[in-house]
Every structure is written in C-alpha cells, then in structure tokens.
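Asker: Build me a structure from this.
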Amino acid sequence: MLGLCLDLSLRVRVWPAPEGSGARISALGGEAQGLPPGPENALLRALYFAWPRLEAGPLPPIQLQVESEIPVGRGLGSSGAAVAAGLRIATQLAERDPQAWQESLVLWGTELEGHPDNVVASLVGGCALTLLTQDGPRVLRPTVHPSLAWAIAWGATPLPTPVARGLLPASVPFEQALDQPRRTVALLEGLRTGDATLLRHAQDEHLHSAARLAHIRGGEAALQAARSAGAYLATVSGSGSALCAIAPPAKVHDVAEAMGAVLTQHDAPAVARVASVEPRGPRCRPLQEPA
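Answerer: All right, here's what the predicted structure looks like:
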C-alpha cells in the first residue's frame, strides 16, 4: 500500500508524571480536541502495545500533551500519525534505536491500524510503499519529484473510516481490476518524473474514489474546480472526506483556493491549504519543562 507523509504535524510533549503509573494524556489541542484522552486513544494504545515488546521493564509514569494539525475523519492519516507517535515515543523511552527496530515498528503499526499505508509513511517520512511478505515487511521509498506541489481541502463534515470502508463495493468489473495496476504504475512514474500526463491518467482510480466521492458534499465540483485551476491530479484523500491535488508550484495556491471555495459553498466551514512532502520520520528532542 502507498502512503505519503505531508507536513501536517502531530506534536507530543512528554514529561515525567509527578505520581501514578504508566502514561496519561493531560492535554489535547488543535484538531485532537475532542479525542478520548484515555487508553482508547490511538497514541496511548500504540505506546502500551509496543512497550512490553521492547522489553524495557516497567513503563515510567509520564504525562503527554498532544497538539495536532491533522483533522480527524478526513482521510489524512490522523490515526496513523498517532500510532506512529506512540510507537516512536515507546522506543525513545526504552532507549531503543528506531532504525534497528523499524521492521517491528512497521509490523506493530500495521497490526494496530489494519493496513500499513498511513502509519508507515508517518514512521519513515516521504512516500512509502509497503509490501507485507512472508519474510517480513519491505518498505520501498518511491521518489517524489521536487517540481510537484500539494493542495488539500476539507469541509465541515467528516467521513469516519468505518463508514468509508462500508461504502466500498464487494467487487469491481474485471476490466477495471485489470486496468488499476496500470494506473498505479502511472502514478508512481508520474510522482518520480513530475510528468503531468501520467498523473492525469492516474487520477482515474477504480477502487474507492467514486464510491466515496458521492458522500462528500461538493466533492465532485471541488475536484473539477481544482483541475480547472491547474491541478495535474485531483482526487479523494484516502478514505475522505478531504480532497487532495497535485499541481505545479505556480498554481498550487490557486488550486487550494478553488477547492476550498467550492467546499465552502456546500459544506462550510471549509479548510484549504498548501502542503509539502515531509521527507523525515518522527523527530525527538529534549524539553526542559511543560509549555
């Protein structure tokens, strides 16, 4: 599965807790507001999942403050980023080398998420294509051409992942199944070379976009507006309800504004922004005291 890490950040501040045991979330900010702070939170779930497998002894009492730019229920990988953060915090606390443990982190993240695409891209950065083989996971790192720019937009209404998965057809026509691998190759080559024609060809995706687009208010019109504004490719982001587009840098702001304007008409308030590929995985640095 293919995933791409964009520069929408999830920041977690970790300090020793004055009392108690284990980990607890003391604050949730930004797009993370309203998420559960307890053990059902994806970040804590990943931390507690990884800790005994790292064989580092008892988990020290810690408190976490979470601030996220990634909207929930929009197909932009909010849960994958949270799982990646929990796994990475566990390795940091256990003083384990994340590179040496990368295969385990990929497997654990995939088990927790149910698929590798978002969580692996969050773990390693950049574009990641994960193959789950009998010999373990293989993470390939397709190249993204520097001439490509990215726009994303979403309306007020989320499309929860369980609902989005339920919209998928049980089967697709044979001709579409045969054609889809060709379009995936076109996408990878278009990303590598920046070829606009290949990217336009790749956006005609048979497996999920059409089924989900019908449930995104103003979605089809917003994608058409993105293409008219100069996007090479415009489609549903992951499971939706966000939309994403690839464009030349000179037109990417116009593309984002065009998608946002249409979504505002149908599902206000809408958010539109330009994003960049984040080539690095999670980064940790010491902090002296809570903000």
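Asker: quick one, domains of this structure?
Answerer: Following automatic domain parsing, the chain resolves into domains at 2-140, 149-275.
Asker: Figure out how far the first one is from the centre of its chain.
Answerer: For domain 2-140, the gap between its own C-alpha mean and the chain's C-alpha mean amounts to 12 Å (C-alpha atoms, centre = their mean, to the nearest Å).
Asker: first vs last residue of that domain, how far apart are they?
Answerer: Distance across domain 2-140, first residue to last, is 9 Å (C-alpha to C-alpha, to the nearest Å).
Asker: residues of the longest helix along the chain that come out buried?
Answerer: Taking DSSP state H as the criterion, the chain has its longest helix at helix 174-193. For helix 174-193, a neighbour-count test (16 or more other C-beta atoms under 10 Å) marks Arg183, Ala186, Leu187, Leu188, Glu189, Gly190, Leu191 as buried. (Each C-beta comes from the backbone N, C-alpha and C, glycine too.)
Asker: wait, which of the residues you listed is closest to Ser26?
Answerer: Leu191 (39.8 Å; C-beta to C-beta).
Asker: Surely that closest one touches Pro146?
Answerer: No: with contacts counted by C-beta atoms under 8 Å, Leu191 stays clear of Pro146, the gap being 11.1 Å.
Asker: At the geometric centre of the chain, which residue sits there?
Answerer: Gly77 (2.7 Å; C-alpha atoms, centre = their mean).
Asker: quick one: that residue and Ile70 touch, right?
Answerer: Yes: counting by C-beta under 8 Å, Gly77 does reach Ile70; the two are 6.5 Å apart.
Asker: Please, where are all the strands along the stretch 151-291 of the chain?
Answerer: 233-236, 243-247, 271-275 (DSSP state E, counting those that start in this stretch).
Asker: Keeping just the C-alphas, turn the shortest one into PDB.
Answerer: Extracted C-alpha coordinates of strand 233-236, given in PDB (Å, rounded to 0.1, in the frame of the first residue of the first chain):
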ATOM      1  CA  LEU A 233      -4.300  15.300 -10.400                       C
ATOM      2  CA  ALA A 234      -7.200  15.800  -8.000                       C
ATOM      3  CA  THR A 235      -8.900  13.100  -6.000                       C
ATOM      4  CA  VAL A 236     -10.200  11.900  -2.700                       C
END
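Asker: Remind me what it packs against, helices and strands.
Answerer: The helices and strands touching strand 233-236, judged by 3 or more C-beta pairs under 8 Å, 6 or more residues apart in numbering; DSSP states H and E, are helix 196-202, helix 209-213, helix 219-228, strand 243-247.
Asker: Now do the same contact list for the residue nearest to the centre of the chain.
Answerer: Gly3, Ile70, Asn118, Val119, Ala121, Ser122, Gly238 (C-beta atoms under 8 Å, 6 or more residues apart in numbering).
Asker: now do Ile216
Answerer: Gly155, Thr157, Leu159, Val236, Gly240, Ser241, Leu243.
Asker: 10 Å instead?
Answerer: Applying C-beta atoms under 10 Å, 6 or more residues apart in numbering to Ile216 gives the contacts 74-75, 154-155, 157, 159, 164, 209, 222-223, 236, 240-243, 263, 266-267.
Asker: any idea how far it is from Ser9?
Answerer: 25 Å (C-beta to C-beta, to the nearest Å).
Asker: about what we covered before: let me have the buried residues of helix 174-193 in a markdown table, extended by distance to Pro137.
Answerer: Converted to a markdown table, the buried residues of helix 174-193 look like this (distance: C-beta to C-beta, whole Å):
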| residue | distance to Pro137 |
| --- | --- |
| Arg183 | 24 |
| Ala186 | 25 |
| Leu187 | 21 |
| Leu188 | 18 |
| Glu189 | 23 |
| Gly190 | 25 |
| Leu191 | 21 |
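Asker: Spit out the residues that contact Gly77 and Ile70 alike.
Answerer: Leu6, Leu8, Leu10, Asn118, Ser122, Ala242.
Asker: among these, which one has the lowest pLDDT?
Answerer: Within the shared contacts of Gly77 and Ile70, Asn118 has the lowest pLDDT, namely 92.
Asker: Not counting residues beside it along the chain, what's closest to it?
Answerer: Once flanking residues are discounted, Asn118 sits nearest to Gly80: 2.8 Å by C-beta to C-beta, 6 or more residues apart in numbering.
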